[in-house]
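J.: structure for the following, please:
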Amino acid sequence: MNENLENKVYKYKSSKERAIGDFLTYKNILFEYEKPTLVIDDNKPKIYYPDFTLNDFAIILEYFGINGDVGYNKRSKHKEEVYKQNKLDFISVYPEHFNNNWQGYIKESIKNILDSRYNKYNKTFH
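T.: Prediction:
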């Protein structure tokens, strides 16, 4: 049985986060919900709590679930920039992804990150 189900019962903040957590569990992708993560933000160490940390892949997955709120959108973009500056691989999921094949989007995003890592390291050793 998946460790996510055996050891963790999460209190998600939204139904979409629950859907993502259920999907990851169904696909046997181990994760931690809101795992404390040290980042450097504006030249200062800070602790972020990303929605999902995909343990086996060292990938952060964030669900940015509010559309149309200028302040929220600004904070979301800032968070994405901080992840980039800290060289953390991340996937951003927005409400519009749920209008289509959001599971496929997540799977493809994971694949693209892993392919990119492989290609980077493959070039290093050739």
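J.: after the strand or helix carrying residue 60, next one along is what?
T.: The secondary structure element spanning residue 60 is strand 59-63 (assigned by DSSP states H and E). Following the chain from strand 59-63 toward its C-terminal end, the next helix or strand by DSSP H and E is helix 70-85.
J.: buried residues in that following helix?
T.: By neighbour count on 16 or more other Cβ atoms under 10 Å, the buried set for helix 70-85 is 76, 79, 82, 83. Where you see a C-beta, it was placed from the backbone N, CA and C, and this is true even at glycine.
J.: contacts for the strand holding residue 60?
T.: With contacts defined as Cβ atoms under 8 Å, 6 or more residues apart in numbering, strand 59-63 is touched by 14, 16-17, 20, 31, 37, 50-54, 76, 79-80, 83, 88-94, 106, 110, 113.
J.: so where's this protein uncertain?
T.: Residue ranges of the chain with pLDDT under 70: 1-7, 126.
J.: what bridges to the residue nearest the centre of it?
T.: With distances taken as Cα atoms, centre = their mean, residue 61 lies nearest the centre of the chain, 0.7 Å away. On the basis of DSSP bridges, residue 61 takes part in beta bridges with residue 52, residue 91.
J.: quick one on the thing from earlier: which ChimeraX command selects the buried ones in the contacts of strand 59-63?
T.: In ChimeraX syntax, the buried subset of the contacts of strand 59-63 is picked out as below (16+ other Cβ under 10 Å):
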select :16,17,20,31,37,50,51,52,53,54,76,79,83,88,89,90,91,92,93,94,106,110,113
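J.: and residue 123, how many residues sit next to it?
T.: Using other Cβ atoms under 10 Å, residue 123 is surrounded by 8 other residues.
J.: any figure for the gap between it and residue 72?
T.: In this view, residue 123 and residue 72 are 38 Å apart by Cβ to Cβ, to the nearest Å.
J.: host element of the residue lying closest to residue 85 once chain neighbours are set aside?
T.: Residue nearest to residue 85 in three dimensions, not counting chain neighbours: residue 40, with 7.1 Å by Cβ to Cβ, 6 or more residues apart in numbering. Assessed by DSSP H and E, residue 40 sits inside strand 37-41.
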